[in-house]
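Sequence and predicted structure, then a few things I'm wondering about:
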Amino acid sequence: MTLTADSAASTADGTPGLLSRDDFRAALENAIKGREAKNASFSKAWADGELTREHFARWAENHFHYVGPFADYLGYIYGNTPDKFTDAKDFTLQNMYEEELADIRHTDLLIRFGEACGTTRERIEDPENMNAVTRGLQSWCYAVAMREHFVVATAALVVGLESQVPSIYKKQIIPLRESYGFTEDEIEFFDLHITSDEVHGERGYQIVLDHADTPELQQRCLQYVRWGAEMRFSYTRALYDTYVAPTL
């Protein structure tokens with residue numbers, strides 16, 4: 001049986017039934033399809049070598065306020081996870097550690113890239129320099145992390161958002177080297193996340209598959225993965241509309 005995020009096996013009364021592990025995994029993946037941020041206008045312009053360092057500076061100033069609080073989002077999920085779910089708590093704690101305390105803080109690498117593009121740490125850290133859509137994405141991440149069941153929040157933020165990162169950055173890192181002339185040190189942020197977020201994304205999938213154990217939880221996870229993908233696509237498109245389109 002082939003499933004999308006909008007269809008599922010149904011019980012006799014027409015309500016969605018519990019999906020098998022394989023069908024649920026397929027439905028989670030399908031919830032992202034057609035909404036991938038790698039296909040948004042800013043990502044396409046980036047991959048096609050059409051952007052300038054000034055555009056990348058504006059990206060860094062926005063991206064910091066989306067990913068900078070990621071450990072904070074995870075902290076709320078950790079606090080909402082019952083102690084008996086030790087595997088989920090351990091993953092969330094490890095993810096927080098890697099964002100904030102491992103070899104180098106991920107946001108410091110992002111700031112290094114932004115500085116190479118001509119902006120400053122002060123501008124990047126100043127919330128006045130993010131646009132309204134970025135502010136909405138950040139607020140959505142906080143709201144989901146604080147209010148939703150831990151497995152739904154994991155689906156939204158790790159599956160819907162974080163699992164997309166490797167496919168986005170794999171398309172973007174080559175032109176950063178070959179078209180835009182950045183050094184390996186300047187683009188370490190992207191290289192690191194191609195590897196780390198592939199691991200994080202897959203672990204997020206496993207937690208959702210393991211612990212979304214009712215039809216209701218499965219359907220809410222699918223809804224939030226879809227919404228998360230839509231949020232990231234809209235955020236990425238808004239970067240183009242705000243900073244690139246007016247310069248054409």
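That came through fine. Small disclaimer: the values here were computed from a predicted structure and weren't measured. Numbers count the residues shown, from 1 in each chain.

the helices in the protein, which residues?
Using DSSP state H, the helices of the chain run over 21-32, 41-47, 53-67, 70-80, 86-100, 106-116, 121-125, 132-147, 150-154, 165-178, 188-211, 215-239.

and residue 245, which of those is closest to it?
Between residue 245 and those, the tightest spacing by CB to CB is seen for helix 41-47, at 8.2 Å. Yep, even glycine has a C-beta here, placed from its N, CA and C like the rest.

ok, now which ones touch the closest residue to residue 25 other than its chain neighbours?
Leaving aside its sequence neighbours, residue 25 sits nearest to residue 209 (CB to CB, 6 or more residues apart in numbering; 6.1 Å). Each residue near residue 209 by CB atoms under 8 Å, 6 or more residues apart in numbering is listed here: 21, 24, 25, 28.

Check residue 179 too.
With CB under 8 Å, 6+ apart, residue 179 has these contacts: residue 49.

Nearest residue to the spatially most central residue of the chain in space, please, no chain neighbours.
For the chain, the residue nearest the mean C-alpha position is residue 161 (2.6 Å; CA atoms, centre = their mean). Nearest residue to residue 161 in three dimensions, chain neighbours excluded: residue 228, at 5.0 Å (CB to CB, 6+ apart).

Now do that neighbour against residue 148, distance only.
Distance, residue 228 to residue 148, using CB to CB, to the nearest Å: 11 Å.

quick one: low-confidence parts of this structure?
1-14, 101-103, 196-197 (pLDDT under 70).

80 - rerun?
Applying pLDDT under 80 to the chain flags residues 1-15, 98-104, 193, 195-201, 248.

Tell me how far residue 214 lies from residue 84.
For residue 214 relative to residue 84 (CB to CB), the value is 16 Å.

Likewise for residue 17?
26 Å.

Would you confirm that the residue nearest to residue 161 contacts residue 158?
No: at 9.1 Å, residue 228 does not count as touching residue 158 under the criterion of CB atoms under 8 Å.
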